[in-house]
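model this:
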Amino acid sequence: MSLWLGRHFINTGGGGWREGNRGKKGLSHGFRRRNLDRVLLPPASDSPVKLLEGPSMELVKNVHSGLPLPEPESDILRLSLIRGDYLYYHYGCDGTDDCGWGCGYRTMQTLSSWIILQQTNRKNHRVPTLKEAQEALVEMEDKPPNFIGSKTWIGSFEIALCIDKFYDVPCKLVHVRRGGELLQKVDELYLHFDTLGSPVMMGGDNDNASKGILGMCSGAENHYLLVLDPHYSGKTLDKGYAHREGWVAWKRLDLFDQNSFYNFCLPQWKGL
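Now for the predicted structure:
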């Protein structure tokens, strides 16, 4: 089943597709990739940046930079990554204890930081707080008034609504009926990173932990997603620790829950 929601083309493929609380609105669809030369992991500055008001900790910029490839470089057939800077938002990074429910909000904040850092003339130069995101969803009538101040988590659809409202950036939503079909989306995800290079949010039902996706890699044996995990909680971490502990890591497609559906939220803004 396909329908339009504002500037968002929605293709649900039938059945329930929305993570968490079912909503009354909508998902998207693919187009063909073009081949580009293989690229390498970009160098990046580690200078901490704050885009939240209040007592937020210093956040790591471009936490994936320097991460080893998932297979020996001689075996890498294709690699495509995020373009431009972003900040790693995670549990508790603004002093709010959101462990167990805030991962979707934190992924939204990471995507927001990327949008802000791409353009100095954006209408909004702040990353929304968790409460501001809740207020926006109530204002858009996607959630009831008692959603504000709750510990109800959000998924790809709500993140698309927030990104569009706060930054006037539409998002493409892609539905995968089960993890065993992720392989069918390889070309579409490569197309996204090759042509736009924006970070992606990934959510699901059985596997309902929100994730940031920063790139794709294909080696001699497997396809991989570069996963940014917002579930870290603690003091400011450095990139080396994040790499060692797997807070940013390559994950084979066949290691995702093969019976969970997945949704991807792809901001339609081109990276620098």
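
Let's test this: mean pLDDT of the helix or strand where residue 194 lies, rounded?
When elements are defined using DSSP states H and E, residue 194 is found to belong to helix 186-195. With pLDDT averaged residue by residue, helix 186-195 scores 97.

tell me which residues in it are buried?
Of the residues in helix 186-195, 186, 188, 189, 190, 191, 192, 193, 194 count as buried by neighbour count, 16 or more other CB atoms under 10 Å. C-betas here are computed from N, CA, C, even on glycine.

tell me which of those is nearest to residue 142?
Residue 142 lies nearest to residue 192 out of the buried residues of helix 186-195, by CB to CB, at 24.5 Å.

Distance of that closest one relative to residue 137?
Distance of residue 192 to residue 137, computed by CB to CB, to the nearest Å: 25 Å.

With residue 204 instead?
20 Å.

Check which element follows the helix or strand harbouring residue 107 along the chain.
In this structure, residue 107 is located in helix 103-118 according to DSSP H and E. Once helix 103-118 ends, the next helix or strand along the chain (criterion: DSSP H and E) is helix 130-139.

which helices and strands does that following helix pack with?
Using 3 or more CB pairs under 8 Å, 6 or more residues apart in numbering; DSSP states H and E as the contact criterion, the elements in contact with helix 130-139 are helix 103-118, helix 156-167.

So which bits of that helix are buried?
The neighbour-count criterion (16+ other CB under 10 Å) identifies 130, 133, 134, 135, 136, 137 as the buried residues of helix 130-139.

Would you mind confirming that residue 238 makes contact with residue 60?
Yes. Residue 238 sits in contact with residue 60 when judged by CB atoms under 8 Å, with a separation of 7.0 Å.

Looking at the two, which one has more neighbours?
Neighbours per residue, other CB atoms under 10 Å: of residue 238 and residue 60, the larger number sits with residue 60, 26 against 11.

Residue 181 - how many residues pack around it?
15.

so who does it touch?
For residue 181, no residue meets the contact criterion (CB atoms under 8 Å, 6 or more residues apart in numbering).

State whether residue 250 is indeed within a helix.
No. Residue state for residue 250 (DSSP: H, G, I helix; E, B strand; the rest coil) corresponds to strand; a helix is not indicated.

circling back to that earlier point, need the mean per-residue confidence for the helix holding residue 107.
Over the span of helix 103-118, the pLDDT mean works out to 96.

Now do it: which elements does it pack against?
Contact partners of helix 103-118 among helices and strands, from 3+ CB pairs under 8 Å, 6+ apart: helix 130-139, helix 156-167, strand 200-204, strand 211-218, strand 262-267.

elements contacting the last one?
Read that as strand 262-267. With contacts defined as 3+ CB pairs under 8 Å, 6+ apart, the packing partners of strand 262-267 are helix 103-118, helix 156-167, strand 171-176, strand 200-204.

list the buried ones in it?
Residues of strand 262-267 classed as buried: 262, 263, 264, 265, 266, 267 (neighbour count, 16+ other CB under 10 Å).

Tell me the one of those nearest residue 125?
Compare each of the buried residues of strand 262-267 with residue 125 using CB to CB and the shortest gap goes to residue 267, at 16.5 Å.

So for that closest one, what's the nearest residue that isn't a sequence neighbour?
On the basis of CB to CB, 6 or more residues apart in numbering, the spatially nearest residue to residue 267 that is not a chain neighbour turns out to be residue 198, at 4.4 Å.

tell me the contacts of that neighbour?
By CB under 8 Å, 6+ apart, the contact list for residue 198 reads 82, 83, 111, 114, 115, 192, 266, 267, 268, 269, 270, 271.

What is the neighbour count of the fifth one?
Put plainly, it is residue 115. The burial metric for residue 115, expressed as a neighbour count using other CB under 10 Å, is 23.

ok, the contacts of residue 198 vs residue 217, which is closest?
Each of the contacts of residue 198 was scored against residue 217 by CB to CB, and residue 82 proved nearest at 12.5 Å.
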